[in-house]
Structure formats: structure tokens, C-alpha cells
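1. Got a predicted structure here, sequence first:
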Amino acid sequence: MASLAVKGVAQAAITVSDLEAAKRFYGEALGLAHLFDAPPGLAFYQCGATRLMLSAVAGEEGGTILYYAVEDVAAAHDALAAQGIAFAEPPRVVGQVEGRDVWLAVCRDPSGNAVGLISG
């Protein structure tokens, strides 16, 4: 039997209540590259090696959290806050890896999904 070697996240699906608002958030605010839409309720974005699928479900808020790697959490926080994005958790050190501080901040997308920004 062949062994299974997970190499990373290839795609993540997030349930959204308002697809157009989610597309503005992920495409414009976070700057992810839009790949394509699959009507009636799917939109796909590229985030590094990971594809993100937004799936519209009427009246539902998503519960998925993804942690997006950024170069500088404080700078990312400032850029998003300048666009009116509110943060549930402001930038803070959450630990150390190999002598480097690991920074985290958490905001929410328009459908209530927690979005983590992490660096370090």
C-alpha cells in the first residue's frame, strides 16, 4: 500500500451567506487572485499553492477558519483596518518558532468566517 504524504492544503471551501460581499473581501481587501466563478454560487481564488472555494448558502454563516501567511501581521492589520475591516483579535505574539516570534491577528469576512493572519 502506498503511503500518504500530505504536502499542504490544495483547496479550502468556505460557506458564505453573501457571495458578492465575500468576493469583494477575498479579492479586493485580501488581494487574492480570482480564478473563476461557477454559477450559481461558487467563486474560486488562488492563495499561494492553495485554491479557495467560496460556496454561497442562503442565510448561513461559515465556521471555517484559515490562517493566511503574511510577511508582517501588523502591516496587514493596518492595511485591512484602513479599509474598514474590524478585527476580533488585534496583532499579538502567540508563540515562538526557532527563536522567531509568531504573530497572529484575526478578523471576520462578511459572512462571519474567522480569518487568521499569521507571520513568523
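-> Sure thing, it's come through.
2. looking at this, residue 43 is in a strand?
-> Yes: judged by DSSP: H, G, I helix; E, B strand; the rest coil, residue 43 forms part of a strand.
3. Can you name every helix or strand that the longest helix seen in the chain contacts?
-> Assignment by DSSP state H gives helix 73-82 as the longest helix of the chain. With contacts taken as 3 or more Cβ pairs under 8 Å, 6 or more residues apart in numbering; DSSP states H and E, helix 73-82 sits against strand 87-97, strand 100-108, strand 114-119. (Glycine included, C-beta is placed from N, CA and C.)
4. what angle do it and strand 100-108 make?
-> Going by axes from the mean of the first three to the mean of the last three Cα atoms, to 10 degrees, helix 73-82 is angled at 20 degrees with respect to strand 100-108.
5. Could I have the CA atoms of helix 73-82 written out in CSV?
-> Output of helix 73-82 as CSV, limited to C-alpha atoms (Å, rounded to 0.1, in the frame of the first residue of the first chain):
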residue,chain,number,x,y,z
VAL,A,73,0.9,40.9,10.6
ALA,A,74,0.9,44.5,11.9
ALA,A,75,1.2,45.9,8.4
ALA,A,76,-1.6,43.6,7.1
HIS,A,77,-3.7,44.6,10.1
ASP,A,78,-3.2,48.3,9.4
ALA,A,79,-4.0,47.9,5.6
LEU,A,80,-7.2,46.0,6.3
ALA,A,81,-8.3,48.3,9.2
ALA,A,82,-7.8,51.2,6.8
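6. picking up where we left off before, figure out which of the helices and strands packed on helix 73-82 is closest to residue 39.
-> The closest of those to residue 39 is strand 114-119. By Cβ to Cβ, the value is 24.8 Å.
7. okay, the angle between the closest one and strand 87-97?
-> 40 degrees.
8. which other helices and strands contact strand 114-119?
-> For strand 114-119, the packing partners by 3+ Cβ pairs under 8 Å, 6+ apart are strand 66-69, helix 73-82, strand 100-108.
9. dump the residue contacts of residue 118.
-> 67-70, 73, 102-104 (Cβ atoms under 8 Å, 6 or more residues apart in numbering).
10. Done for today, thanks.
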